[in-house]
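A.B. asks: this is a predicted model, with the sequence first.
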Amino acid sequence: MVYIEKSTSVPSCLESEKSKKSGDYKCGDVLTLVKNDFHNKCYICGTDKPTTINIEHFIPHKGDLNLKFDWNNLFWSCGHCNNTKLDKYNNILNCTKIKNIDELIKYKCSIKGLEATVLIEATENSPNDTTVQTINLLNDVYTGTTKLKKIESENILTQLKSSMKDLSNNYIEYKFADTEEDQEFWKNKLKKHILNSSPFTAFKRWYLKEKEPELYQNLSNIDS
């Protein structure tokens with residue numbers, strides 16, 4: 001998870017739809033705005049351009065119309081993550097409220113041959129119940145809780161592995177660049193990997209933080 005800045009312009013249709021017997025919270029330009037706010041990425045697993053899309057209620061509404069039509073409660077999620085979270089996880093970190101959210105949880109992806117394994121753990125800055133519940137959700141997302149969801153998780157890990165290999169290759173090219181011009185070229189490539197709009201951003205940020213903290217800090221200070 002990474003910080004997402006939610007639009008402050010609330011779609012006017014939400015209030016009118018709330019007053020209807022069978023109102024639709026996906027009304028008007030809600031889909032477009034939420035998609036753009038979340039960079040067309042699932043806010044939980046980090047995959048971009050998901051093929052199964054849900055407008056998820058961050059806090060399960062359970063029939064509460066205020067929560068159901070609350071603009072700040074509408075998040076962009078893939079079907080796998082939404083169906084894993086459901087109302088089982090109702091006290092997780094809110095990526096639209098916490099700017100340093102990716103620093104509260106450590107994300108690590110280890111690749112050996114064709115296999116990719118994920119390690120999610122709390123950092124020293126975040127030993128609380130909300131963080132623990134978020135970590136439990138992420139572990140369920142990346143490992144799967146049923147036979148079908150395990151297959152979905154494997155598909156996510158395949159995308160994660162590809163994304164991390166691309167980052168790793170770019171880092172190697174940067175380290176072995178012969179000229180300052182080439183080095184700057186690869187630095188800009190690495191910068192794109194840690195933007196909020198990049199897939200699996202949190203994993204990539206932690207990879208670079210551990211590889212070369214000074215480089216990561218430098219990349220973080222480069223204007224997008």
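C.D. replies: Yep, that arrived. Numbering: from 1, shown residues only.

A.B. asks: any weak-confidence spans in the chain?
C.D. replies: Scanning the chain with the threshold set as pLDDT under 70 gives 125-127, 222-224.

A.B. asks: domain parsing for it?
C.D. replies: 13-85, 101-220 (automatic domain parsing).

A.B. asks: what about the shortest one, distance to the chain center?
C.D. replies: Going by CA atoms, centre = their mean, to the nearest Å, the spacing between the C-alpha centre of domain 13-85 and its chain's C-alpha centre is 15 Å.

A.B. asks: now E56, what's its secondary structure?
C.D. replies: Look at E56: counting by DSSP: H, G, I helix; E, B strand; the rest coil, its state is strand.

A.B. asks: can you pull the contacts of the closest residue to it other than its chain neighbours?
C.D. replies: Counting by CB to CB, 6 or more residues apart in numbering, E56 lies nearest to S77, which is 3.9 Å off, once chain neighbours are set aside. (Glycine included, C-beta is placed from N, CA and C.) Contacts of S77 were listed using CB atoms under 8 Å, 6 or more residues apart in numbering, and they are 42-44, 50, 53-56, 85.

A.B. asks: from the residues you listed, which is closest to Q133?
C.D. replies: Among those, K85 lies closest to Q133 (CB to CB), at 10.3 Å.

A.B. asks: neighbours around K192, how many?
C.D. replies: 14 (other CB atoms under 10 Å).

A.B. asks: does it touch P199 like I think?
C.D. replies: No: between K192 and P199 there is no contact under CB atoms under 8 Å: 10.9 Å.

A.B. asks: which residue is the nearest non-sequential neighbour of H39?
C.D. replies: S197 (4.0 Å).

A.B. asks: let me know the secondary structure of that neighbour.
C.D. replies: Put simply, S197 is coil when judged by three-state DSSP.

A.B. asks: next, count neighbours for it.
C.D. replies: Quick note: S197 (other CB under 10 Å) scores 13 neighbours.

A.B. asks: how about E15?
C.D. replies: With neighbours defined by other CB under 10 Å, the count for E15 comes to 12.

A.B. asks: so what touches whichever strand or helix holds it?
C.D. replies: Counting by DSSP states H and E, the element that carries E15 is helix 13-18. With contacts defined as CB under 8 Å, 6+ apart, helix 13-18 is touched by 23-25, 27-28, 30, 65-66, 68-71.

A.B. asks: among the residues you listed, which two are most distant?
C.D. replies: Those two in these that are separated most widely, counting by CB to CB, are G28 and N66, at 18.5 Å.

A.B. asks: in the helix or strand hosting K191, what's buried?
C.D. replies: Element membership of K191 [criterion: DSSP H and E] is helix 180-193. Under the neighbour-count criterion of 16 or more other CB atoms under 10 Å, helix 180-193 has 186-187, 189-191, 193 buried.

A.B. asks: contacts for that helix next, please.
C.D. replies: Under CB under 8 Å, 6+ apart, the answer for helix 180-193 is 166-167, 170-171, 173-174, 177, 198, 201, 204, 208, 215, 218-219, 222, 224.
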